[in-house]
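K.L.:
coords below, sequence missing:
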């Protein structure tokens, strides 16, 4: 869906380096979310935002931080990447009436 | 806490009917969603149930029983392109995000 884009699509990084993933939306949605998806665990919420500069933690927030300085952009930062953060990361917009997902970012930490 | 259960894998034959079950225990209930996810792609919305009963949309139907904490997704006239993972997700009362089950991987065979 052109209304929500993620970058990069793929990234390989080394343990201990910082990494930032970007989510951009053109739908003017108030709520934005970051999930990770791992085999056997499904989609798990990392952080979400309910407005500019308003964010909250999800169930797997340790090791991650987020920022939202504009309605359109929601950034996810891994301060010091670890191998356990190798995953597929999905951004979503919407709310408790359903989501639209971005195409995902496949992150590999070596 | 939230608990959502669905079978890990299912196999069905092209042209047949398959039912994918989902049971949930959540702190309040604001709706249940089904998403389809093809390998390597983002989840896409299939259905939303908030009241008891059956919602039909073409070859796909979704059923909800709130008293039993139970839903199913029914796929009729299966096609090869229906091979995908099917994610059950619940919106609990007072939450601003969805909680996902681990997904059911459906394989359609000729």
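P.N.:
That came through fine. Computed from a predicted model, the values in this text were never measured in an experiment.
K.L.:
Partner strands of the worst-scoring helix or strand of chain A on mean pLDDT and their direction?
P.N.:
Here the helix or strand of chain A ranked lowest by mean pLDDT, DSSP states H and E is strand A:98-101, holding a mean of 91. Taking DSSP bridges as the criterion, strand A:98-101 forms sheet pairs with strand A:87-95 (antiparallel).
K.L.:
Show me how far the partner strand is from its chain's centre.
P.N.:
For strand A:87-95, the separation from the chain centroid amounts to 6 Å (computed by Cα atoms, centre = their mean, to the nearest Å).
K.L.:
what's the answer for stretch A:26-46, then?
P.N.:
The chain centroid and the centroid of stretch A:26-46 are separated by 6 Å, computed with Cα atoms, centre = their mean.
K.L.:
and it with chain B, contact?
P.N.:
Yes. Stretch A:26-46 is in contact with chain B by Cβ under 8 Å from any Cβ of the partner chain, via A:31, A:33, A:35, A:40, A:41, A:42, A:43, A:44, A:45. For glycine as for every other residue, the C-beta is placed from the backbone atoms N, C-alpha and C.
K.L.:
what would the residues you listed look like in JSON lines with secondary structure and distance to residue B:63?
P.N.:
What follows is these, written out as JSON lines (DSSP: H, G, I helix; E, B strand; the rest coil; distance: Cβ to Cβ, whole Å):
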{"residue": "A:31", "secondary structure": "coil", "distance to residue B:63": "28"}
{"residue": "A:33", "secondary structure": "strand", "distance to residue B:63": "27"}
{"residue": "A:35", "secondary structure": "strand", "distance to residue B:63": "26"}
{"residue": "A:40", "secondary structure": "coil", "distance to residue B:63": "26"}
{"residue": "A:41", "secondary structure": "coil", "distance to residue B:63": "26"}
{"residue": "A:42", "secondary structure": "strand", "distance to residue B:63": "21"}
{"residue": "A:43", "secondary structure": "strand", "distance to residue B:63": "22"}
{"residue": "A:44", "secondary structure": "strand", "distance to residue B:63": "26"}
{"residue": "A:45", "secondary structure": "strand", "distance to residue B:63": "26"}
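K.L.:
Only the buried subset of these, as a ChimeraX command please.
P.N.:
Of the residues of stretch A:26-46 next to chain B, the buried ones can be selected in ChimeraX as follows, counting by 16 or more other Cβ atoms under 10 Å in any protein chain shown:
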select /A:31,33,35,42,43,44,45
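K.L.:
coming back round to it: can you give the contact residues for the least confident helix or strand of chain A?
P.N.:
A:1, A:3-4, A:27, A:33, A:90-94, B:33, B:42-45, B:48, B:98 (Cβ atoms under 8 Å, 6 or more residues apart in numbering or on different chains).
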